[in-house]
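J.: give me a model of this one.
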Amino acid sequence: MVSDISGRATLAEAEARPPSLLVVEDSETQAIMIRRMLEGHGFHVERAASAEAALDHLNRKLPDLVIADYHLPGMNGGELSRQIRLNSRTRSIPLLMLTEAEEVETEREGLESGADAYLSKAADPDLMILRIRALLRQRPVAAEEPGTETPHFRRIRFLVVDDDPATRAQHQAWLARDGYLVDVAPDLDTAGQLIAQGNSPVDCVLVTLQARLFDSVEVCRALDALRGPDARMQAGSPFLLIGLERDGHVSKELLSRAFDAGLDEFIPVLLDPGVLRVRLRAIVRRKLLQDETQQAEADRRQRAVTLERARMAEALTQANGELEAANNKLIETQAKLVQAAKMASLGELVAGIAHEINNPLAFILAHQATVQRVLSQIGTAAVPDEAARAAIAKAQDRATAMGAGLRRIQDLVLNLRRFSRMDEGGFQLVDIPEALDTVLTLLSPKLGERIAIGRHYRGAPVLWCSPALLNQVVMNIVSNAADAIEGQGRIDVTATAEGRDYVIVIEDSGPGIPADLQERVFEPFFTTKPIGSGTGLGLAIAYTVVQAHKGAIAVGRSPLGGAAFRIVVPLKQEPAVPQDDAAGAAAETNPAHRPAAGV
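T.: Have a look, this model is predicted:
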């Protein structure tokens, strides 16, 4: 059941799938036997033929457990265990070490390198299964981090700078056996090229301090310059410069100059190669821990920057929202102030005109009635002159026509006076049919004979509301409808009650409002009229007035072909008179409690 697995598993998938085991075994026969046994117990098994191949496999996917033979070609199982434990992403993977027989020293080396358990290949297979299940129970189930593009594991890369071919080959051989990537260079130029063009960064540079063909101190100084002055401030620490002793004792003066030139470590000649390898492992371990610490700090700083940017973006979004709300409030307030000032000025003007017209009108009406009464008393029968009788009859006709005209002026003055008082006070009882007729009468010069008006008053005649509901809302909508109709047309005004709501519908036969503009017609200063023909405040004020009634206004398509505005306000009862004021209310008449056409 060996397969090439790529991608990342989620936590739910990790809990649902069978445990994944990586078997590191160079023997094909042994690998087949172990794989069949494990698959027979329900495990998912993948195999790597060497420690190096196992590390490459860890870059593709993390298994749940690693089973490794200690005796492997090249890097052995102990070094593989050390490499796994040095990496933050792989150090929590359980590792079971296998060997051919009971080898006490091998077991000690395997356990000290970081293995979780040690088992002989000759042990009972049931015992191996029990150990595997126990190790899997001890490891918490965790999914791999999504979106991680860097490999989980990176093999350490050494660069050996030595002018002696035999020494270079010797160092390359034992470093490769320990699983490291190794490059060799006979001089500084070759070393610089390898550092610059390598596919992976160099971690350690081994420089022979007793070279014959180049100055080792100058090589150290040149290599240190390649690291750059800011190298130690980067996410990954720069490569380490390690000096090696080759042909005997290195003088104190040479060693001092080498350290001044940038050397980080020095390893003297050691008779035991194993001690040299242990020292290098310690240096590599320290280098990896430094890289991991610096990478963690870089990640922390990046997360902090990301969080700060997110916080700033959120604060900016909130500030923009508050600014937009304040701007909308300012526009709305400005529209209200403009409309209030306009209506106040118009009310004062209308009231003044109505007052000035009303006084002479009353005088003329009184005298017209007197003239008409006298003419009626004179009559035409008692006048013998035919011309005089014709003049008297003509005067009677003119007096009658004059009376009709004066009464029309009187009605107009009455409507003007009603309109001028429509904004007085707050909510009050309003006679809806009479108020609607007043609005339509005031608009009659604009409507003329080209626009027919349909009146359909089916609701309650009296409504507790603000007179502005009729004064501003209905007048603005009907006025806009009259402007939109070209030539002959029709406007229907319907007032009706629907449950607990009072509904006023105004429909026209004009061109209507496009669907993409219906949501914008209530915005302040938005208008579809030509420039200079409208302020864009009429429907904005209408929307505000309806909102003050806790109602709703919407626009749609009319059966007449044009626009249909539907105004819905809740039916409200007239507030009851408090008990303490009952006597006073009975003693005096409050005009606000009388139904009015907008008072």
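J.: residue 219 and residue 207 touch, don't they?
T.: Yes: checked against C-beta atoms under 8 Å, the pair residue 219 and residue 207 is within contact range at 5.9 Å. Placement of C-beta: from N, CA and C, glycine included.
J.: got any residues that touch both of the two?
T.: Residues touching both residue 219 and residue 207 (C-beta atoms under 8 Å, 6 or more residues apart in numbering): residue 161.
J.: domain ranges for this structure, per the record?
T.: The chain breaks down into these domains under automatic domain parsing: 11-138, 157-269, 422-593.
J.: now mean pLDDT and mean neighbour count too, for those domains, in TSV please.
T.: Output for the domains of the chain, formatted as TSV (pLDDT from 0 to 100; neighbours: other C-beta atoms under 10 Å):
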stretch	mean pLDDT	mean neighbour count
domain 11-138	82	18
domain 157-269	83	17
domain 422-593	77	16
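J.: distance to residue 311 added to these, as JSON lines?
T.: Listed next are the domains of the chain as JSON lines, based on distance: least, C-beta to C-beta, whole Å:
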{"stretch": "domain 11-138", "distance to residue 311": "28"}
{"stretch": "domain 157-269", "distance to residue 311": "24"}
{"stretch": "domain 422-593", "distance to residue 311": "33"}
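J.: so which of these is nearest residue 391?
T.: Nearest to residue 391, of all those, is domain 422-593, at 34.6 Å by C-beta to C-beta.
J.: now do the helices for the stretch 301-450 of the chain: every range, in order, please.
T.: Taking DSSP state H, counting those that start in this stretch as the criterion, the stretch 301-450 of the chain contains helices spanning 386-420, 432-442, 444-447.
J.: counting contacts, what elements does the first one pack onto?
T.: Spelled out, that is helix 386-420. Under the contact criterion of 3 or more C-beta pairs under 8 Å, 6 or more residues apart in numbering; DSSP states H and E, helix 386-420 touches helix 273-378, helix 432-442.
J.: distance from it to the middle of the chain?
T.: In terms of C-alpha atoms, centre = their mean, to the nearest Å, the centre of helix 386-420 is set 72 Å apart from its chain centre.
J.: between that helix and helix 432-442, how many degrees?
T.: Relative orientation of helix 386-420 versus helix 432-442 (axes from the mean of the first three to the mean of the last three C-alpha atoms, to 10 degrees): 120 degrees.
J.: if we can go back for a sec, nearest to residue 310, out of the helices of the stretch 301-450 of the chain?
T.: The nearest among those, by C-beta to C-beta, is helix 432-442 at 54.8 Å.
J.: report the angle between the closest one and helix 273-378.
T.: For helix 432-442 against helix 273-378, the angle by the same axes, to 10 degrees is 80 degrees.
J.: before we move on, the earlier item: turn the helices and strands packed on helix 386-420 into CSV, columns for distance to residue 100.
T.: Output for the helices and strands packed on helix 386-420, formatted as CSV (distance: least, C-beta to C-beta, whole Å):
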stretch, distance to residue 100
helix 273-378, 21
helix 432-442, 105
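J.: could you pull out the helices for the stretch 101-250 of the chain?
T.: Under the criterion DSSP H, counting those that start in this stretch, helices of the stretch 101-250 of the chain are mapped to 104-112, 125-138, 165-177, 188-197, 216-227.
J.: which ones are touching residue 119?
T.: Residue 119 neighbours (C-beta under 8 Å, 6+ apart): 96, 97, 98, 127, 128, 131.
J.: how far away is the residue lying farthest from the centre of the chain from residue 309?
T.: In the chain, the residue that sits farthest from the middle, by C-alpha atoms, centre = their mean, is residue 384; the gap is 99.4 Å. Separation of residue 384 from residue 309 (C-beta to C-beta, to the nearest Å) stands at 110 Å.
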